[in-house]
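[1] Give me the fold of what follows.
(chains A and B)
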Amino acid sequence: DIQMTQSPSTLSASVGDRVTITCRASQSISSWLAWYQQKPGKAPKLLIYKASSLESGVPSRFSGSGSGTEFTLTISSLQPDDFATYYCQQYNSFALTFGGGTKVEIK
Amino acid sequence: QLQLQESGPGLVKPSETLSLTCTVSGGSISSSSYYWGWIRQPPGKGLEWIGSIYYSGSTYYNPSLKSRVTISVDTSKNQFSLKLSSVTAADTAVYYCARLYRGMGAFDIWGQGTMVTVSS
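    Predicted structure coming up:
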């Protein structure tokens, strides 16, 4: 199985901050990486697919980059609605795996 | 727009089989562009992919659950289903069904989720 490791597991930030979350794959997954946002009691919401493609309707302050084994999700200016937990997910092999999650908290 | 809705018992006894159905509305399950999947989330924990199915019936399972999981599709009802056998308390979770867009490699539409508790 391909293991996905996210860091940090928790991040404290303020409104307006630039936030970066990292996801590392245990082997190369090309660009087959997605990012999701999840709020308490809600289903995850797709933000980014194929490492850097923005899902329709997602604000442009979200961006993704990387390929191979290292990927980042960046929020350019954190907004109140962005406090949530973020997950990465790989699709290189059809034994899909998610990262452990990064909780973005209010500082 | 396309919507997914999970249904099934909220309480299952240990050693029994958990059965859930996902009903797809607003679109066809028989599209070549998508797989359909089940993902679960234990209380306070992260997401775990359980498995996925193509409308033709081809299935893909999480290796750690493969011996206990069966996913099936009923194109006439626009539904797909999950069966998880020999459940224990560790299977207590919110269970989500979702659409996996092949071109994206990502789950772009999710159901609201259903809580399943394993307890006697």
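
[2] Close to chain B: what parts of chain A are there?
    A:1, A:32-34, A:36, A:38, A:43-46, A:49-50, A:53, A:55, A:87, A:89, A:91, A:94-101 (Cβ under 8 Å from any Cβ of the partner chain). From N, CA and C alone the C-beta is placed, and that goes for glycine too.

[3] what does chain B put close to chain A?
    B:37, B:46-49, B:52, B:60, B:62-64, B:96, B:98, B:101, B:104-108, B:110-113.

[4] Narrow those residues to just the buried residues.
    B:37, B:47-49, B:52, B:60, B:62, B:96, B:98, B:101, B:104-108, B:110-111, B:113 (16 or more other Cβ atoms under 10 Å in any protein chain shown).

[5] these two touch, right, residue B:46 and residue A:102?
    No - at 10.3 Å, residue B:46 and residue A:102 do not qualify as touching, with contact defined as Cβ atoms under 8 Å.

[6] shared neighbours of these two, which are they?
    Common neighbours of residue B:46 and residue A:102 (criterion: Cβ atoms under 8 Å, 6 or more residues apart in numbering or on different chains): residue A:87.

[7] before we move on, back to that, so of the buried ones among the residues of chain B next to chain A, which ones are in helices?
    Using DSSP state H, no member of those falls within helices.

[8] How about the backbone phi and psi for the residue nearest the centre of chain A?
    In chain A, the residue lying closest to the centroid (Cα atoms, centre = their mean) is residue A:35, at 3.8 Å. Here is the backbone geometry of residue A:35 (degrees, to the nearest 10): phi -120, psi 140.

[9] Could I get the pLDDT score of the residue nearest to the spatial centre of chain B?
    Nearest residue to the geometric centre of chain B (Cα atoms, centre = their mean): residue B:38, 2.6 Å. With respect to pLDDT, residue B:38 scores 98.

[10] show me what contacts residue B:83?
    Each residue near residue B:83 by Cβ under 8 Å, 6+ apart is listed here: B:17-19, B:69-72.

[11] What's the separation between the spatially closest residue to it that is not a sequence neighbour and chain A?
    Closest residue to residue B:83 apart from its sequence neighbours, by Cβ to Cβ, 6 or more residues apart in numbering or on different chains: residue B:70 at 4.4 Å. Going from residue B:70 to chain A by Cβ to the nearest Cβ, to the nearest Å gives 17 Å.

[12] Name the helix or strand for residue B:70, please.
    strand B:69-74 (DSSP states H and E).

[13] helices and strands around that strand, which ones?
    strand B:48-53, strand B:59-61, strand B:79-84 (3 or more Cβ pairs under 8 Å, 6 or more residues apart in numbering or on different chains; DSSP states H and E).

[14] buried set for that strand?
    B:69-71, B:73.

[15] Kindly provide the whole-number mean pLDDT of that strand.
    On average, strand B:69-74 scores 98.

[16] Could you do stretch A:6-17 as well?
    The model assigns stretch A:6-17 a mean pLDDT of 97.

[17] swap in stretch B:78-96?
    For stretch B:78-96, the mean pLDDT works out to 98.

[18] circling back: relative to residue B:84, how far out is the residue nearest to residue B:83?
    Noted for residue B:70: a distance of 8 Å to residue B:84, by Cβ to Cβ, to the nearest Å.
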